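>>> Pasting the sequence and the predicted coordinates here, then a few questions.
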There are 2 protein chains.
Amino acid sequence: MADFMIHTLGCGSAKPTPRHNPSSTVVEFRNNLFMVDCGEGTQKAFQRQRLKISRLGHIFLTHLHGDHVLGLPGLVSTLGLQDTGGSLTIHTFAEGAVILKKIFDFFARNLPYKIQFNILSPWEEDIAFENQSLRVRTVPLDHRVPTVGYIFEEKPRPRHLRRDMCDFHGVPVRCFNNIKEGADYIKPDGTLIRNAMLTTPPDPSLSYAHISDTIFLPELAEEIGPVDLLFHETTYLERDAALAAEYGHSTARQAAEMARLCGAKALLTGHYSSRYADDEEFVKEASAIFPNTLLNHEGLRTDLLKL
Amino acid sequence: MADFMIHTLGCGSAKPTPRHNPSSTVVEFRNNLFMVDCGEGTQKAFQRQRLKISRLGHIFLTHLHGDHVLGLPGLVSTLGLQDTGGSLTIHTFAEGAVILKKIFDFFARNLPYKIQFNILSPWEEDIAFENQSLRVRTVPLDHRVPTVGYIFEEKPRPRHLRRDMCDFHGVPVRCFNNIKEGADYIKPDGTLIRNAMLTTPPDPSLSYAHISDTIFLPELAEEIGPVDLLFHETTYLERDAALAAEYGHSTARQAAEMARLCGAKALLTGHYSSRYADDEEFVKEASAIFPNTLLNHEGLRTDLLKL
């Protein structure tokens, strides 16, 4: 089990091609799966990736175009056949909840688990999800319809105990968790042992940004921050920048510019237009500006620890 | 171009498997494509089969379970991207038209072609479609929800002209079409030349029955008649006949029994439950009763002229 792994289920755009599925990505964080978008065919891609549907608790929709949503009714029905119990939370705008509820009421009646909607605003930053180790926040994007991106941020990890120093100062085991969280230790005789004496700094926290669909928004770089991995849509190549602007999309060159601006460690391409025969072109164009650009494809697993 | 060809796009059932897509079949009749059911992933299977989406004018839904319908919103959206013009007619029950219209209004706005609904009754036989060479009629089935099967019947073909006899009797070319349709010829001197003197019988008309999903209904055999090809669902094997009855499905043995009862030339299996690992078992079970049983699989093309 990876700590923080990105699974690409679909990295095509609206028009289907034999090579690509429409949009869907799974963020595997420790024992949990979080899905971003769910285009048609996602449940099959999910299966091919050997992911466990019972570990999927949250689906985050970026916007309400069919190529990002239309796999959801089938996935929800199939979850219903599995009798997993539990619940599934769908994060979307109010109008998404309305139409999806109508569809589920018709095609996925009497589910043996609960579907909840977490209603997001498309116009301002928001926290979509938070638990003790992970936060998922939204950033408004600029597409033809209301759209948000999602930033997955691991919270600070525990510091590493220096067992030798703990033993030396006689720290009892029951205090270890607090010390790993940064607490100092006070000996029975009242002596204060500062945390820095008992621990070494934690491993760095990992982060993933999912930015699709949108025009190039340089001012977004600061809101995204220096993530480990930036998925930024590359629907077009720079030679079709006019089309990108017309349809509310970005070019590979613009995605690379964004990766550079926000100080990402790596860039992942995707949401390829069906007009291009060779996906390598996206990487070629982007890596001229941002060398650590990864070629996205269905089935790709990107381990954030190994970037 | 085949005269009458059945293309299998999906022959799995509700629970997806790596091997099978949910239900969809395309009937290619001369220059036109007619689709029966449209499960998730159909548009991609359609593409793989190298069928032209611009030739698709009619989609017939057997019933409103997701595994027969949920590929439709994506297919309709994609048709919208193609700018084909023309129209698409969806044959379904009233409640299907209501929910599909809501979905299309949300996910497939401003289509450059017209979507029409032909509302069918689930309770009585009906003519869903008819033109000068083909008729598609419905037969009510018995499943957990209202369901119909479809019978595609080619109308009588033209008789073959005996050019030698036509020349001998001086029949002008302008009369040939009527004579092929069965008319006699009256010479300028008033002599009657009977059609049987001028023609030989037409090639037999072809027919295809699509029967899914349903319990075994022996009384249906007469309504179906001696079709060239009977697709009859084989969701289960006979050892699970109790499950078949419980969920409103048939076994491979029952499908074979139906093929025998209606005097079909060949039987096509399908709608396989995901519980079985080996599809050959369906054919083995069916062919013990009805030898000319064909193993269905995605990508299969069945030419009705070659059965």
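Done, it's in.
>>> Give me the packing partners of the lowest-mean-pLDDT helix or strand in chain A, helices and strands only.
Least confident helix or strand of chain A, by mean pLDDT, DSSP states H and E, is helix A:72-82 with a mean of 88. Counting by 3 or more C-beta pairs under 8 Å, 6 or more residues apart in numbering or on different chains; DSSP states H and E, the packing neighbours recorded for helix A:72-82 are helix A:42-48, strand A:87-92, helix A:94-107, helix B:66-69. Any C-beta I mention is one placed from the backbone N, CA and C, and that applies to glycine too.
>>> got the angle between it and helix B:94-107?
On the basis of axes from the mean of the first three to the mean of the last three C-alpha atoms, to 10 degrees, helix A:72-82 is oriented at 130 degrees to helix B:94-107.
>>> Remind me which helix or strand residue A:19 belongs to.
Using DSSP states H and E, residue A:19 sits within no helix or strand.
>>> pLDDT wise, what is the residue in the stretch 101-250 of chain A positioned nearest to chain B at?
Nearest residue of the stretch 101-250 of chain A to chain B (C-beta to the nearest C-beta) works out as residue A:107 at 4.2 Å. Looking at residue A:107, its pLDDT is 94.
>>> For the closest residue in space to it that isn't next to it in sequence, the count of nearby residues, please.
If the residues on either side of it in the chain are set aside, residue A:107 comes closest to residue B:66, at 4.2 Å by C-beta to C-beta, 6 or more residues apart in numbering or on different chains. Here the number of neighbours of residue B:66 (other C-beta atoms under 10 Å in any protein chain shown) works out to 22.
>>> what sits against residue B:66?
The neighbourhood of residue B:66, defined by C-beta atoms under 8 Å, 6 or more residues apart in numbering or on different chains, consists of A:73-74, A:77, A:107-108, B:14, B:22, B:39-40.
>>> By neighbour count, which of those residues wins?
Top of the contacts of residue B:66 by neighbour number is residue B:40, holding 33 neighbours under the definition other C-beta under 10 Å.
>>> Looks like residue A:25 contacts residue A:33 (just checking).
No. Here residue A:25 lies out of contact with residue A:33, judged by C-beta atoms under 8 Å, at a distance of 10.7 Å.
>>> These two: who's more crowded?
residue A:25 (28 against 20).
>>> that's a strand at the more buried one, yeah?
Yes. Assessed by DSSP: H, G, I helix; E, B strand; the rest coil, residue A:25 belongs to a strand.
>>> ok, which stretches of the stretch 101-250 of chain A are strands?
All strands of the stretch 101-250 of chain A, identified by DSSP state E, counting those that start in this stretch, fall at A:114-119, A:126-130, A:134-140, A:148-154, A:160-161, A:185-186, A:192-193, A:199-200, A:207-211, A:229-232.
>>> can you list contacts of the last one?
By that I understand strand A:229-232. Residues from elsewhere that reach strand A:229-232, judged by C-beta under 8 Å, 6+ apart: A:6, A:25, A:207-212, A:224, A:250, A:254-255, A:258-259, A:262, A:264-270, A:296, A:302, A:304, A:307.
>>> Show the buried residues in these.
Neighbour counting by 16 or more other C-beta atoms under 10 Å in any protein chain shown classes A:6, A:25, A:207-212, A:224, A:250, A:254-255, A:258-259, A:262, A:264, A:266-270, A:296, A:302, A:304 among these as buried.
>>> so of those residues, which ones are in helices?
Residues of those located in helices (DSSP state H): A:224, A:254-255, A:258-259, A:262.
>>> can you redo those as TSV with pLDDT and distance to residue A:155?
Rendered in TSV, the data for those read as follows (pLDDT from 0 to 100; distance: C-beta to C-beta, whole Å):
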residue	pLDDT	distance to residue A:155
A:224	97	17
A:254	98	31
A:255	98	27
A:258	98	24
A:259	98	24
A:262	97	20
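>>> Having no further points to raise, I will conclude here.
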